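Student: here is my input; please provide its structure:
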Amino acid sequence: MTAAQTIGAYTDCQNVFDRALAAERGIRIPFASKGDAVCQRNRLNHFRSMHRKLSKEILPKDHPEFGMSCYDPYMVSLREDTEGFWWIYIIPRIDNFGEAEEITDANAP
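Tutor: Here you go, the predicted structure:
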């Protein structure tokens, strides 16, 4: 089955993302099976992709948010708990790469 191609079919996804934006550390949603969680994660990511495309249609090219979604800074991931429930986590991305350093001849692999 193909995904709906109108953003109006994803108001549930927008509501969930908006709740994540309003929460300091994000949100999580329980599912009884991995399949259900994967399906909903796919819908969330598809909605976010459509939201990016919509910004290209309504914003001028020189706008800083052209081609972006306000939901892009959030990571959508799946986790299983010890009782067999699956959770979708929608959490803000955190810069956890540490300090980067340039590769030189001295530290090249």
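Student: thought Tyr10 was touching Gln40?
Tutor: No. Using C-beta atoms under 8 Å as the test, Tyr10 is too far from Gln40 to be in contact (11.0 Å). Glycine gets a C-beta too; all of them are placed from N, C-alpha and C.
Student: mind checking how far Trp86 is from Ile27?
Tutor: Taking C-beta to C-beta, to the nearest Å as the measure, Trp86 falls 15 Å from Ile27.
Student: give me the more crowded residue out of those two.
Tutor: Trp86 (20 against 17; other C-beta atoms under 10 Å).
Student: just checking, that one touches Ile29?
Tutor: No. Using C-beta under 8 Å, Trp86 is not in contact with Ile29; the gap is 9.4 Å.
Student: Phe17: neighbouring residues, count only.
Tutor: Counted with other C-beta under 10 Å, Phe17 comes out at 22.
Student: from what I see, it and Leu44 are in contact.
Tutor: Yes. Using C-beta under 8 Å, Phe17 is in contact with Leu44, at 7.1 Å.
Student: spit out the residues that contact these two alike.
Tutor: Shared contacts of Phe17 and Leu44, defined by C-beta atoms under 8 Å, 6 or more residues apart in numbering, comprise Ile90.
Student: host element of Ile29?
Tutor: For Ile29, the enclosing helix or strand under DSSP states H and E is strand 27-31.
Student: residue boundaries of the strands in the protein?
Tutor: Secondary structure of the chain, counting by DSSP state E: strands at 27-31, 74-80, 86-92.
Student: okay, those in a markdown table with distance to Asp105 and mean pLDDT next?
Tutor: Shown next, in a markdown table, are those (distance: least, C-beta to C-beta, whole Å; pLDDT from 0 to 100):
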| stretch | distance to Asp105 | mean pLDDT |
| --- | --- | --- |
| strand 27-31 | 46 | 97 |
| strand 74-80 | 36 | 96 |
| strand 86-92 | 38 | 96 |
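Student: may I see the ones you listed organised as JSON lines, with distance to Ala4 added?
Tutor: Output for the strands of the chain, formatted as JSON lines (distance: least, C-beta to C-beta, whole Å):
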{"stretch": "strand 27-31", "distance to Ala4": "20"}
{"stretch": "strand 74-80", "distance to Ala4": "18"}
{"stretch": "strand 86-92", "distance to Ala4": "19"}
